[in-house]
Structure formats: C-alpha cells, structure tokens
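# just a sequence and a predicted model for now, questions to come.
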Amino acid sequence: MWKWTRSDNIQLLILDGDTLEEEFLTYPYSKDDKVIKTVVVTKSEKLTGHKNSIKFFDFYDLIHEIIEKEKCESYSIISISKDILFLKSMMEYHIGTILVGTLIYDFLKNIPDYTVQNINSIEKILNLDTKGYGAEIFATYSSSRKKMSLLHCNEFVMLDDGNERNVDLYFGGRYYANKHMYILNDPLSHIVKQFKSGYVKAVDLFFDSVCCYIARRENIDYFTYIPLKPNDIKEGKFDRFNSLQLSKLKKNNMQLDSILNCKEDFSQKGNDLYVRREIVKGAFEVIKDVENKTIVIIDDVFSSGSTILEAVKTLYEAGAKKVIAVLLSVNQLTESSIKYKNLKCNICGSNMKLRMNKSSGQLFFGCENYQEHENGKSSTIDLLSGMDTLKEINKLEVVDIVDLHDEF
C-alpha cells in the first residue's frame with residue numbers, strides 16, 4: 001500500500017535517470033488507459049537533453065520545483081528508482097516510492113512502497129492490480145485480498161564450523177515503533193502492538209495465507225515460531241503464536257509445532273546491533289528432531305534481525321536442511337522532513353487515533369478523549385477515509401522564499 005500516495009489520484013512519475021535504463025525512462029506509463037506524465041531527474045549532464053528532464057543537486061529544491069512546475073500535490077507523485085537511497089530521500093518528503101530490483105538486507109529499515117522487477121509490474125501497481133504488502137493489506141481491510149505481495153530478501157547465518165547457510169526472509173510490511181511519528185496512524189503498526197497482548201484476526205489471516213503460499217512451493221516438514229522467554233512464561237504472558245488459528249493450514253493437515261525452547265531471558269531494547277547479537281547467542285535450543293527437515297519459522301517484528309537469525313542458526317546447527325523465516329513486519333527508521341499533522345475530532349478538537357472494532361477486527365479512527373464528550377457523543381472516521389485525509393493534510397506545501405535585503 002502507498003504510505004503517502006493516493007492511489008486514485010496518481011498524476012506524475014519521477015524517474016531516476018541516473019539508475020534506470022532507457023526503456024524505463026521512455027515507457028508510456030498509464031492508469032485506466034490514461035498516460036501519466038513523467039519527469040526524468042538526474043545529477044549528471046547526460047540526461048539534461050531528455051524530454052522533460054531536470055538536473056538537480058538537492059531533493060528539497062527538486063521536489064518543490066516539480067510540484068510548482070507541474071501543478072500537482074505531493075500525494076499524487078510517485079518516484080521510481082533502482083537506488084534505495086534516492087527513494088529514501090523521496091520518502092522523507094512524503095512521495096510514493098517504487099524500487100526496481102531487489103531490496104537487500106542492509107536496507108530493510110527503509111522499505112519503499114513497492115519493489116518490482118520490470119515495467120509490467122509497475123503498470124499493475126499503477127492500475128491497482130497489485131495492492132501492496134500482505135500484512136499491510138490485512139491490517140487495513142481485515143480480510144483476504146488477492147494480488148498481495150511479500151517482501152523478500154536473502155541473508156546468511158554463520159555456523160560454528162565456519163560454514164554459511166542461506167535463509168529466505170519474507171516480510172508482511174512496515175512497522176513504526178512507539179517513538180516514531182507515524183505510529184499514531186499506521187494500521188499494521190497498530191495491530192502489531194495489539195498482537196502482543198491478544199488475538200488479532202488480521203495477523204492470523206496473514207500468517208495463514210503466507211504459510212500456505214510457501215507450502216505450495218516447498219515441501220515443509222515443520223512450521224514453528226519464536227518461543228516465549230522463561231520469565232514471560234513465569235509471568236503468564238500472552239502466548240501470541242499459540243493463539244493463531246491458521247484454519248487454512250490445518251485444512252491441509254499442517255500446524256504450528258513447538259520446536260524451539262528459549263533457555264534464558266534477554267532484552268534487545270535500547271541495545272546497539274553488536275550487543276543485540278551477543279545477548280541472544282545460545283538463547284535457544286531445539287527440542288525435536290529436525291535432521292534434514294525444511295522448516296518455516298515465524299515472528300512478529302524484525303528490528304536488528306538478531307533474534308530470528310539466532311533461531312535460524314540454532315535450527316541449522318541441529319541439522320535442518322532449509323529454514324525459511326516469515327515476519328509480520330520490519331521496524332522502519334525513515335523519518336519525515338515534514339511536520340506531522342494528526343486527524344482532529346470534530347467535536348472537541350482532540351487528536352484522533354486508531355482503534356479496533358472488537359467484533360469485526362476492523363480499524364477506525366476515534367477521538368482519544370471521547371469519554372469526555374457531552375451526552376455520550378462520539379466522533380469516528382472509517383479507516384480508509386481517515387488515511388486519505390492524512391495524506392492530504394500531510395502533503396508537502398510549496399512555500400515562497402523571499403530574500404531578505406540588508407537594510408543598513
């Protein structure tokens with residue numbers, strides 16, 4: 001799903017002339033059979049003669065120039081590039097992003113709206129034939145949607161004997177932690193937090209869908225999960241993965257199995273990458289025979305990757321043939337250069353925040369001070385309308401900069 005772009009109002013594509021091949025720069029992109037205008041941007045001289053091209057040095061000036069020149073809003077613009085750092089800069093100004101190519105492990109903290117391999121896939125995105133990352137779709141609609149995508153990348157784990165083993169990592173979408181400004185209004189982030197203390201239908205649907213998808217392509221021996229820590233068990237903490245129903249998986253005579261045990265308590269909060277990796281070493285042990293088995297392991301949030309990769313390593317050390325990891329979300333670090341504006345209650349003017357309908361699992365926006373309203377009045381906004389409004393009120397505003405003359 002688009003984080004900041006309104007899918008019903010795509011007016012302009014920014015094409016990175018420094019990384020995209022000519023076929024991407026000259027292709028007649030269209031939405032609903034109407035050609036979408038394109039601008040080729042470059043930091044070199046080689047493309048300055050290209051039709052509708054702009055040479056730039058600074059992203060702030062570039063985006064302002066494009067918005068002013070093309071008479072469009074930031075939420076109607078999409079940027080396309082093979083360079084994740086180019087797209088990261090676009091994200092900071094609330095511009096939609098499509099990465100051509102594969103997102104590598106080192107850039108998981110700055111995930112674009114979509115990743116594609118060819119022009120055909122871009123056309124499908126523009127015409128809503130591809131909806132977005134699976135967990136974000138389930139979080140938004142609380143029901144299955146066809147043509148969802150999974151973010152995928154490869155990583156390696158180093159075994160004690162010095163050999164490396166590959167692990168396929170699949171992700172359902174982007175997560176913004178408590179201190180991140182987007183957390184107030186991000187559907188997937190909201191349900192990730194809800195899942196820590198109770199069953200969430202959207203999470204169940206996501207893992208069920210992805211596990212079945214992988215099972216159709218691989219001969220899976222076990223589906224398992226990251227286990228609770230000893231102190232969590234002692235305190236009776238909610239065992240979130242055992243709450244999953246996974247009805248489709250069960251219909252295919254498959255289920256989640258407890259394969260790993262956590263031997264010791266550890267906390268990753270506030271630690272840097274090196275400390276996170278050291279803390280979790282040796283934390284897990286295998287409690288079933290996994291010799292020559294293919295295993296899918298699930299977890300909710302990928303931050304540094306230390307926990308999931310240590311679990312994968314433990315399985316490989318015990319003789320597993322192949323391990324595939326599925327994670328609900330990836331913690332994001334990309335911040336915005338635009339001051340964030342929240343939805344306001346039309347009754348009292350307080351901030352609106354995401355809430356969940358307990359019976360349907362559907363999210364909506366509600367006033368955070370609704371209990372103080374007179375006569376029990378409530379102010380709510382349905383999720384999709386609220387998200388569209390957020391995109392509009394958080395658009396990049398073009399400002400006129402007037403030179404200040406020396407009055408002396």
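Noted; the coordinates are in hand.
# if I look at the nearest residue to K88 once chain neighbours are set aside, how far off is P187?
Using Cβ to Cβ, 6 or more residues apart in numbering and skipping residues adjacent in sequence, the residue nearest K88 is N110, 4.6 Å away. Quick note: C-beta positions are derived from backbone N, CA and C, even for glycine. Look at N110 and P187: by Cβ to Cβ, to the nearest Å, they are 20 Å apart.
# neighbour-wise, which of the two wins?
Higher neighbour count among N110 and P187: P187, with 25 against 21, using other Cβ atoms under 10 Å.
# how close does the closest residue in space to the more buried one that isn't next to it in sequence get to G361?
Nearest residue to P187, sequence neighbours excluded (Cβ to Cβ, 6+ apart): A139, at 4.0 Å. Relative to G361, A139 is positioned 10 Å away (Cβ to Cβ).
# overlap in contacts of those two?
Common contacts of A139 and G361, defined by Cβ atoms under 8 Å, 6 or more residues apart in numbering, comprise A202.
# ok, these two, which is more surrounded?
A139 (31 against 21).
# who are the contact partners of that one?
So A139 contacts 173, 187-188, 190-191, 202, 363 (Cβ under 8 Å, 6+ apart).
# next, format the residues you listed as a markdown table and append pLDDT and secondary structure.
A markdown table is the format used below for those (pLDDT from 0 to 100; DSSP: H, G, I helix; E, B strand; the rest coil):
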| residue | pLDDT | secondary structure |
| --- | --- | --- |
| G173 | 95 | coil |
| P187 | 94 | helix |
| L188 | 95 | helix |
| H190 | 93 | helix |
| I191 | 94 | helix |
| A202 | 93 | helix |
| L363 | 93 | strand |
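# dump those into CSV; add distance to S53 as well.
Formatted as CSV, the contacts of A139 follow (distance: Cβ to Cβ, whole Å):
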residue, distance to S53
G173, 34
P187, 37
L188, 37
H190, 41
I191, 42
A202, 43
L363, 42
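# what's the farthest-apart pair in those?
By the measure Cβ to Cβ, G173 and L363 form the most distant pair in the contacts of A139, at 14.1 Å.
# more neighbours: which of these two?
Between G173 and L363, counted using other Cβ under 10 Å, the more crowded position is G173 (30 against 26).
# surely the more buried one and K131 touch.
No - with contact defined as Cβ atoms under 8 Å, G173 does not reach K131; the gap is 11.4 Å.
# overlap of the contact sets of these two?
Taking Cβ under 8 Å, 6+ apart as the criterion, G173 and K131 both touch M1.
# follow-up on the earlier one: and the next element down the chain from whichever helix or strand the residue nearest to P187 is part of?
Element membership for A139 (DSSP states H and E) is helix 134-141. Moving toward the C-terminus from helix 134-141, the next helix or strand (DSSP H and E) is strand 148-149.
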